[in-house]
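A.B. asks: Here's a sequence, model it:
(one chain, ligands or ions: 1)
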Amino acid sequence: MPLSVQIPFTRYLDDQGQPLGELPGWVDDPELLLHLYRQMNLVRVFDQKCIALQRTGQIGTYASTLGQEAIGTALGRAMTDTDVLIPYYRDTATQLQRGMKMEDILLYWGGDERGSARSSSVAAEDFPICVPIATQATHACGVASAFRIRQQPRVAVTTCGDGATSKGDFMESLNLAGVWQLPLVFIINNNQWAISVPRSLQSAAPTLAHKALSAGIPGEQVDGNDVLAVYDRVHAAIERARAGKGPTLLECVTYRLGDHTTSDDASRYRSAEELTEAWKHEPIGRLQRFLHQQGLWNEQREQALQQQLGEQVNAAVDAFREVAEADPAAPFEHLYQQLPDSYRQQRDELLARAARLAGGEHG
Ligand SMILES: [Mg+2]
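C.D. replies: Model prediction:
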């Protein structure tokens, strides 16, 4: 039996940056458009640098956001400073827009948890990256419940990939958010692949946004490569939640132009033709063409921007390299009020070994 419920889909610009109809009023703000463009470019330059740093052994495994810059950039911009982001591991764009420093992001991917402690005070209550799939959705329900209990006009926003929508944590969180009408926005970055599992094998649902209907909350799709559409719909969902009208699920339809992470090689399971086709829809070129049409952009500005972003990213890498090495005992610090004996013993052995090494002996 065909599923007949229609899920709304929003797209304002086609691949050539041509408006498909009337644009929202806020698009008349050149400052905002240029900000979104600059920020998406920053994400891309930084992302390429992160991959280069991983390839040269300077950070650990990294999850690229290539092709998905519009989602996090629009999302981060639509949130207010007092809202709380509960992210997953492909949220570099969101974190940058939320004011997180690049050197902190590099620290995190370099295996140093101090990167999650945020040296910036902007959006200081945002959560660290959640690596287990979909568990962040349950944390987001807790955050949104706290806002409700405290009667604060704040919104929790959580993100996940297409694969996470198959997890129990995701469905349970949707259900709870619906029953309690929590001030919570669920964002799905549907980049068509969950490592090597394609969207077609992930779920028999016609869209991932349909999953919202089982929880009695609104679900909609947006072209995740159209930053105007993402910003518009995310902003509406956040303000709807803030007004006490409950949660929304937004499925941002995009494409993962890179590997799943630097530990993956997507050429082993997806065709070069599919990738070539996907590049035609990527978000940065689309907005750039629109800006050209609006008389807001030219080649000279583009060159100046790319140079400036390169310098900004290099300065952040320098700052990252200057951070002193972490205390080797740090991993033992935050899990227990009182460290169990077995862990205490391991910690003491580690510290003794570190002291021997510092003293010039070979451990
Ligand atoms: Mg995915």
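A.B. asks: what residue ranges in the stretch 151-300 of the chain are flagged as low confidence?
C.D. replies: The stretch 151-300 of the chain contains no residues with pLDDT under 70.
A.B. asks: ok, now which ones touch the spatially most central residue of the chain?
C.D. replies: Nearest to the geometric centre of the chain sits residue 91, at 1.9 Å (C-alpha atoms, centre = their mean). By C-beta atoms under 8 Å, 6 or more residues apart in numbering, the residues touching residue 91 are 65, 72, 85, 129, 159. From N, CA and C alone the C-beta is placed, and that goes for glycine too.
A.B. asks: number of nearby residues for the fourth one?
C.D. replies: Summarising burial for residue 129: neighbours were counted as other C-beta atoms under 10 Å, giving 20.
A.B. asks: pLDDT wise, what is it at?
C.D. replies: The confidence metric pLDDT takes the value 94 at residue 129.
A.B. asks: Pretty sure it sits against residue 108.
C.D. replies: Yes: using C-beta atoms under 8 Å, residue 129 is in contact with residue 108, at 6.7 Å.
A.B. asks: Apart from its neighbours in sequence, what residue is nearest the residue in the chain that the ion sits nearest to?
C.D. replies: Here the residue of the chain nearest the ion is residue 161; by C-beta to the ion that distance is 3.7 Å. Nearest non-adjacent residue to residue 161, counting by C-beta to C-beta, 6 or more residues apart in numbering: residue 189, 5.5 Å away.
A.B. asks: Within the helices and strands, which one has the one you found?
C.D. replies: strand 184-190 (DSSP states H and E).
A.B. asks: which strands and helices sit next to that strand?
C.D. replies: helix 69-78, helix 135-150, strand 156-161, helix 168-180, helix 227-242, strand 248-253 (3 or more C-beta pairs under 8 Å, 6 or more residues apart in numbering; DSSP states H and E).
A.B. asks: Show me what it is in contact with.
C.D. replies: With contact meaning C-beta under 8 Å, 6+ apart, strand 184-190 is reached by 68, 71, 75, 90, 137, 140-141, 143-144, 155-162, 164-165, 173-174, 177, 199, 208-209, 212, 224, 234, 237-238, 241, 247-254.
A.B. asks: Could I have the PyMOL command that selects the buried members from these?
C.D. replies: Applied in PyMOL, the following selects the buried portion of those according to 16 or more other C-beta atoms under 10 Å:
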select buried, resi 68+71+75+90+137+140+141+143+144+155+156+157+158+159+160+161+162+164+165+173+174+177+208+209+212+224+234+237+238+241+247+248+249+250+251+252+253+254
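A.B. asks: can you tell me how far residue 283 sits from residue 310?
C.D. replies: To residue 310, residue 283 is 20 Å away according to C-beta to C-beta, to the nearest Å.
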